[in-house]
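# I need the structure of the sequence given here:
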Amino acid sequence: MKLSILGWNEHFAHHFSAYDEQVYRVGRVAVEHTHLYRVYCEDGETLAAVSGKYLYQAQGRQDFPAVGDWVVLNRSLPGEQAVIHALLPRQTKFSRKIAGKTSDEQIVASNVDTVFLVMALNRDFNLRRMERYITLAWDSGASPVIVLSKADLCADLDEKISAVETVAFGVPIHPVSAMTGAGVTDLMRYVTTGQTVALLGSSGVGKSTLINCLMGEELQKTQSVRADDDRGRHTTTHREMILLPGGGILIDTPGMRELHMTGSSEGIQDAFEDILALAEQCRFRDCRHEQEPGCAVQNALQRGDLDASRYESYVKLQKELAYMSRRENQREQLAEKEKWKQIHKQIKQHFNFKR
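Numbering: from 1, shown residues only. From the prediction side, this is the model:
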């Protein structure tokens, strides 16, 4: 496999130049297993595990390789398990907070050029969830594209597209039907040679069926829609990088039941640019958009120019981001404190040894 087909570019070549090519090689993580990775390299695929030094230096889950990452490996013999010594800096990453009280970050897919945000046009249709996906997609550094699946099951397609347009400023929208093939060809222009596309969406929206259409064969297992609630059954159980016959790369992901925000605010600025544009018209620069006089946001809500549920979603996401930012700062402070504690401990042990 040529590295360029796997998405190799000058960014990664620059960072790999610090390593001796006689000792090390590069590969891209295709599948993440428990403590083991399947990696695509120029001379084929190999299984690899992180080195002991790597394991010791990693400070959190986000420091470990994820699907789509480029890693530095030793030059193992054919058939031998390789060792991952380093992770090349990511160009983009789609991540979310792990469910629960922890503030740890889970990397869903990395080094992605385009994110297909897949939402079904049946009972899965949810604008508030799509706003969350769009926010995280912009924050990842990749370009979001909305794919409205199961168009053949939708009786009011134009109405649904218009509704999505109200929350997806500047984001391409493609209605598709994997059953009839309608609209699938339009997606191929995003999956050209060396380009990586991640498919994200909740369970049962048809991501695996869509991948089969793009592949031209039944690569991913799929299950039929349940008759009782019109929802598809979830089949993908792990993240996986798939090479298309035409040279593009797809990253399939399991459906996400929870999608918590991370601590960055960049994505929300792109996802809610209509509200931020209104905020710039407020009389006071520090307007909280509550009861202040001359608040352009509240005026738009009263006139009906701004949907109340969209504004509530914006406020909710802002609160989540603020909470995550505080948790992240606390974690960094604790990590810094622990680092200096270990340094002082080593210094003390050094002087005690010399005595």
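# where do the strands sit along the stretch 1-150 of the chain?
24-33, 36-41, 44-50, 70-74, 82-87, 93-97, 105-110, 114-120, 143-149 (DSSP state E, counting those that start in this stretch).
# Residue 295 is in contact with residue 283, isn't it?
Yes. Using Cβ atoms under 8 Å as the test, residue 295 is close enough to residue 283 to be in contact (7.3 Å). Just so you know, the C-beta spots here come from the backbone N, C-alpha and C atoms, and that holds for glycine as well.
# any low-confidence regions in the stretch 201-350 of the chain?
217-237, 255-267, 322-350 (pLDDT under 70).
# on that earlier part again, compare the strands of the stretch 1-150 of the chain and say which comes out lowest on pLDDT.
Set side by side, the strands of the stretch 1-150 of the chain differ in mean pLDDT, and strand 93-97 is lowest with a mean of 80.
# And residue 201, its phi and psi?
When read as degrees, to the nearest 10, the backbone of residue 201 gives phi 170, psi 170.
# Pull the contacting residues for the residue nearest to it when sequence neighbours are not counted.
Residue nearest to residue 201 in three dimensions, not counting chain neighbours: residue 118, with 3.5 Å by Cβ to Cβ, 6 or more residues apart in numbering. By Cβ atoms under 8 Å, 6 or more residues apart in numbering, residue 118 lies in contact with 147, 149, 199-201, 205-207, 210.
# what's the answer for residue 307, then?
Counting by Cβ under 8 Å, 6+ apart, residue 307 touches residue 166.
# any idea how far residue 321 is from it?
Using Cβ to Cβ, to the nearest Å, residue 307 is found at 21 Å from residue 321.
# got a list of what residue 144 touches?
114-115, 117, 133-134, 137-138, 168, 171.
# wouldn't residue 167 be in contact with residue 130 here?
Yes. Residue 167 is within contact range of residue 130, at 6.0 Å (criterion: Cβ under 8 Å).
# Just want to know which of the two has more residues nearby.
residue 130 (23 against 19; other Cβ atoms under 10 Å).
# So that one sits against residue 166, correct?
No. The pair residue 130 and residue 166 does not pass the contact test of Cβ under 8 Å, sitting 10.4 Å apart.
# in the stretch 51-200 of the chain, which ranges drop under the pLDDT threshold?
Ranges of the stretch 51-200 of the chain meeting pLDDT under 70: 97-104.
# How about the contacts made by residue 112?
68, 92-94, 140, 142, 196-198, 251.
# Can you give me the neighbour number for residue 42?
By the criterion of other Cβ under 10 Å, residue 42 has 14 neighbours.
# Please apply the same query to residue 28.
26.
# Beta-bridge partners for it, please?
Residue 28 has these beta-bridge partners by DSSP bridges: residue 40, residue 70.
# Is it correct that it is in contact with residue 73?
No. Residue 28 lies out of contact with residue 73 (Cβ under 8 Å); the separation is 10.7 Å.
# what do these two both touch?
39, 41.
# Give me the distance between the spatially most central residue of the chain and residue 240.
Centroid check for the chain by Cα atoms, centre = their mean gives residue 94 as the closest residue, at 2.0 Å. In this view, residue 94 and residue 240 are 15 Å apart by Cβ to Cβ.
# what's the helix or strand for the residue nearest to residue 152 when sequence neighbours are not counted?
Among residues not flanking residue 152 along the chain, residue 177 sits closest, at 4.1 Å (Cβ to Cβ, 6+ apart). Taking DSSP states H and E as the definition, residue 177 sits outside all helices and strands.
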